[in-house]
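> all I have is the shape, not the residue letters:
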Ligand SMILES: Nc1nc2c(ncn2[C@@H]2O[C@H](COP(=O)(O)OP(=O)(O)OP(=O)(O)O)[C@@H](O)[C@H]2O)c(=O)[nH]1
């Protein structure tokens, strides 16, 4: 049987509850959008294989629950990730300010992934940019 992929990347989505992590993932893997918010319980994952310069790259994305009560579970996935997306809602300054808290969780020595990826989610109806001061502090992370 032909090999289904050449390389595998494990990526993780973290951020406050309701910022749109699951929606971002569904859009990327299935090109779908669901308007209902069903909170993720613990962790879930989806996969997609893309071809880059003839190399089959399988991307396994872990979607974590933003709710505090699941953090003992979700933190266990940080180390195994090769990259982490920090997701916030551009209409919620609070969710953006919490990004620093998510960064410090991952920054604990035992949690660090091999690399960082940053991302954002936004509600299409309310596009409110994050304040410049917050953007500046994050750009130094
Ligand atoms: N208008 C709009 N709404 C969005 C967008 N992305 C997400 N939403 C809405 O935001 C809500 C929460 O989205 P989820 O993807 O479930 O949020 P989550 O971050 O996975 O939440 P938890 O699983 O609780 O951590 C849903 O009602 C979505 O419909 C967007 O780009 N535009």
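Happy to help now that I have it. Please read all numbers here as calculations on a predicted model, not as lab measurements.
> name the SS class of the nearest residue to residue 32 once chain neighbours are set aside, please.
Distances taken as Cβ to Cβ, 6 or more residues apart in numbering place residue 26 nearest to residue 32, at 4.9 Å, with adjacent residues excluded. Glycine gets a C-beta too; all of them are placed from N, C-alpha and C. Using DSSP: H, G, I helix; E, B strand; the rest coil, the structure places residue 26 in helix.
> burial of residue 46, as a residue count?
Other residues within reach of residue 46 by the criterion other Cβ atoms under 10 Å amount to 15.
> which stretches of this protein form helices?
Using DSSP state H, the helices of the chain run over residues 21-30, 71-74, 93-97, 99-107, 132-139.
> other residues contacting stretch 48-66?
Under the contact criterion Cβ atoms under 8 Å, 6 or more residues apart in numbering, stretch 48-66 has outside partners 3-19, 21-22, 25, 28-29, 39-47, 70, 73-74, 77, 81.
> please work out the average pLDDT along it.
Per-residue pLDDT values across stretch 48-66 average out to 95.
> tell me which residues of it come out buried.
By neighbour count, with 16 or more other Cβ atoms under 10 Å as the criterion, the buried positions of stretch 48-66 are 59, 60, 61, 62, 63, 64, 65, 66.
> what ranges do the strands span in this structure?
Using DSSP state E, the strands of the chain run over residues 7-14, 43-52, 55-64, 83-86, 117-118.
> and those as CSV, adding distance to the ligand?
Output for the strands of the chain, formatted as CSV (distance: least, Cβ to the nearest ligand atom, whole Å):
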stretch, distance to the ligand
strand 7-14, 8
strand 43-52, 9
strand 55-64, 6
strand 83-86, 11
strand 117-118, 15
